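Asks: Sequence plus the predicted model coming up.
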Amino acid sequence: MMDWKAYRNDPLARIGDIGTLSPETLKGYRGLSAAGSQTGQLDDKTRELIALAAAVTARCDGCIAVHADAAARHGASREELAEALGVAIAIGAGASLVYSARTLEAFDASRAPKPSEG
């Protein structure tokens with residue numbers, strides 16, 4: 001089993017390195033991260049559950065480590081997390097289905113005779 005608390009520190013340290021090397025990049029990211037909370041429409045717990053579902057679909061372990069900790073600090077329950085993860089699972093499967101249809105279309109287009117070959 002992964003030691004998520006220890007793992008969380010590593011990406012955060014590397015992000016600090018990026019901030020030193022490219023402070024405007026990190027400043028821009030922080031601005032994006034903070035923008036959602038400025039509206040006040042969602043509470044912190046809900047935003048963290050959404051972030052976790054997005055992290056799962058993006059397959060980002062660093063995001064999972066950071067946002068799992070934040071969701072727990074904001075009082076998310078295991079049952080709420082399971083529901084959010086269920087959405088992520090459904091989107092992942094749905095996205096695969098949609099992209100499978102797009103792939104089939106691209107494949108069929110590649111096999112179609114060219115207008116000059118008619």
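Replies: Cool, the structure landed.
Asks: pLDDT on stretch 19-35, on average?
Replies: Per-residue pLDDT over stretch 19-35 has a mean of 92.
Asks: Hmm, residue 54 is touching residue 64, no?
Replies: No - contact between residue 54 and residue 64 fails when scored by Cβ atoms under 8 Å: they sit 10.1 Å apart. (Each C-beta comes from the backbone N, C-alpha and C, glycine too.)
Asks: ok, these two, which is more surrounded?
Replies: residue 64 (19 against 16; other Cβ atoms under 10 Å).
Asks: mind checking the SS state of that one?
Replies: helix (DSSP: H, G, I helix; E, B strand; the rest coil).
Asks: Let me see the contact set for it.
Replies: For residue 64, the contact set (Cβ atoms under 8 Å, 6 or more residues apart in numbering) comprises 4, 52, 55-56.
Asks: just the buried members of those residues?
Replies: 52, 55-56 (16 or more other Cβ atoms under 10 Å).
Asks: any idea how far residue 65 is from residue 3?
Replies: In this view, residue 3 and residue 65 are 10 Å apart by Cβ to Cβ, to the nearest Å.
Asks: neighbour count winner among the two?
Replies: residue 65 (22 against 9).
Asks: max-length helix in the chain?
Replies: Using DSSP state H, we find that the single longest helix of the chain is helix 78-111.
Asks: Please name every helix or strand in contact with it.
Replies: helix 44-58 (3 or more Cβ pairs under 8 Å, 6 or more residues apart in numbering; DSSP states H and E).
Asks: in the helix it packs on, what's buried?
Replies: Of the residues in helix 44-58, those buried by neighbour count under the rule 16+ other Cβ under 10 Å are 45, 47-56.
Asks: what packs against that helix?
Replies: Partner elements for helix 44-58 (3+ Cβ pairs under 8 Å, 6+ apart): helix 61-73, helix 78-111.
Asks: closest to residue 28 out of those?
Replies: Taking Cβ to Cβ, helix 61-73 is the member of the helices and strands packed on helix 44-58 nearest to residue 28, at 17.2 Å.
Asks: chain center to the closest one: distance?
Replies: Offset of helix 61-73 from its chain centre (Cα atoms, centre = their mean, to the nearest Å): 11 Å.
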